[in-house]
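Engineer: this one's sequence-less:
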């Protein structure tokens, strides 16, 4: 099977491509490599088809011609273009990951990269301006009707997307693994452009979490993907309490899942302590679930 992933969010497409390839498929990710501030595409360089932002649409069409499955991550605007060119001859899957449908009203600059800045400003999310928000909502709705399948990466997105199937985020367990020395006396939480870190810390305080908490600002100091496991394993606990636009997110972040895979404890939004990566996030299990969607 020839699978083309279009765009990438937090490395999800690259992990899928890796484990689909290991299973015997031909799987690649078409992505704008020049904005790779976290080094994700560099880490998974054998799976990338690199292009520029200006050439992305035409390159997508060109690469799609020889592909069986078009797996679109967040870029729902591509669905209509593919249907115009290929009709029903291609299987199209649309995959949503979070802010692409939630949006971010309370934006903070600078963002972690130029690519992030583009996304957060609204090219791939609902816009703050009412007219633009309605326009993007129509694009999402039309894409969901035209696609053969729609999947979401966290359960809370099911209520925001039509006829979606939940497919858990895969974690590359070949990269994130519980080895090495773990520092057990300090907790970590990460500050990003999407969340309100003050609400996070207040939530911890109100619920009696008396950890020494290191707040790492990933906006100003990005961590390379290749270095992320060793960075996480400096800590014993990861605090995964995230507020976006004042709302507490009721799901595990991808960073929290990576922390679990590295052997850290995770405190989730319920103030519940978790240990061990859930089996649903094992990459082989995620790929198998996607395979049933591809063939459905």
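Structural biologist: Sure, I can see it. Remember, it's a predicted structure, so these values are computed and weren't measured experimentally.
Engineer: residues near the residue nearest to residue 239 when sequence neighbours are not counted, how many?
Structural biologist: Nearest non-adjacent residue to residue 239, counting by C-beta to C-beta, 6 or more residues apart in numbering: residue 189, 4.0 Å away. Glycine gets a C-beta too; all of them are placed from N, C-alpha and C. When neighbours are counted by other C-beta atoms under 10 Å, residue 189 registers 24.
Engineer: in the sheet, who's paired with residue 189?
Structural biologist: Beta-bridge partners for residue 189, by DSSP bridges, are residue 215.
Engineer: just the strands in the stretch 1-150 of the chain please.
Structural biologist: Using DSSP state E, counting those that start in this stretch, the strands found in the stretch 1-150 of the chain span residues 2-6, 26-32, 48-51, 69-73, 91-96, 149-152.
Engineer: now do the contacts for the residue nearest to residue 239.
Structural biologist: Residue 189 sits next to 197, 200, 213, 214, 215, 216, 238, 239, 240, 241 when contact means C-beta atoms under 8 Å, 6 or more residues apart in numbering.
Engineer: number of nearby residues for the fifth one?
Structural biologist: Yep, that's residue 215 we're talking about. So residue 215, with other C-beta under 10 Å, has 13 neighbours.
Engineer: before we move on, what's the pLDDT of it?
Structural biologist: Looking at residue 215, its pLDDT is 96.
Engineer: gap between the two ends of stretch 203-219?
Structural biologist: Taking C-alpha to C-alpha, to the nearest Å, the first and last residues of stretch 203-219 lie 21 Å apart.
Engineer: which positions in that stretch come out as buried?
Structural biologist: 203, 204, 209, 211, 213, 219 (16 or more other C-beta atoms under 10 Å).
Engineer: redo the contacts of residue 189 as CSV? Include distance to residue 50.
Structural biologist: Compiled in CSV, these are given as follows (distance: C-beta to C-beta, whole Å):
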residue, distance to residue 50
197, 34
200, 36
213, 38
214, 35
215, 34
216, 29
238, 32
239, 36
240, 32
241, 36
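Engineer: what strand or helix carries residue 204?
Structural biologist: Assigning secondary structure by DSSP states H and E places residue 204 in helix 197-206.
Engineer: who are the packing partners of that helix?
Structural biologist: strand 187-191, strand 213-217, strand 243-244 (3 or more C-beta pairs under 8 Å, 6 or more residues apart in numbering; DSSP states H and E).
Engineer: got the angle between that helix and strand 187-191?
Structural biologist: Counting by axes from the mean of the first three to the mean of the last three C-alpha atoms, to 10 degrees, helix 197-206 lies at 150 degrees to strand 187-191.
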